[in-house]
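# I need the structure of the sequence given here:
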Amino acid sequence: MDEIDVALDRLMTRLSNFDAPTADHSRAVAMWCARIAKKLSLTAAEISFVTRAGLIHDIGKVTTPPSILNAPHRLSD
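You can find the predicted model right below:
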């Protein structure tokens, strides 16, 4: 495991503690990214890149207040 994977693991742990369903969704997206990348015959480095990208695509939710994420109404600009 390299330093990027260690950092991603920490971020995912934080996301899991903050919002477990979003963390599960991010892991699923990462797996799909890996599958698609393999089907496209991407290199190992490219597969790793897109898999990591899939994993962190919702990472901004870690700092978004739950009141905004779970708002029962449309948000204003």
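# Give me the neighbour count for the closest residue to residue 61 other than its chain neighbours.
Computed as C-beta to C-beta, 6 or more residues apart in numbering, the closest residue to residue 61 that is not its neighbour in sequence is residue 22, at 5.5 Å. For the C-beta atoms, the positions are set from N, CA and C on the backbone; glycine is no exception. For residue 22, the tally of surrounding residues (other C-beta atoms under 10 Å) stands at 16.
# so who does residue 22 touch?
Contacts for residue 22 were tallied using C-beta atoms under 8 Å, 6 or more residues apart in numbering; they are 15, 58, 61.
# Please pull out the lowest mean pLDDT helix or strand from the chain.
Taking mean pLDDT, DSSP states H and E as the measure, the helices and strands of the chain show their lowest mean at helix 66-69, namely a mean of 83.
# Need the contact partners of it.
Among residues not part of helix 66-69, those counted as contacts by C-beta under 8 Å, 6+ apart are 19, 61, 75.
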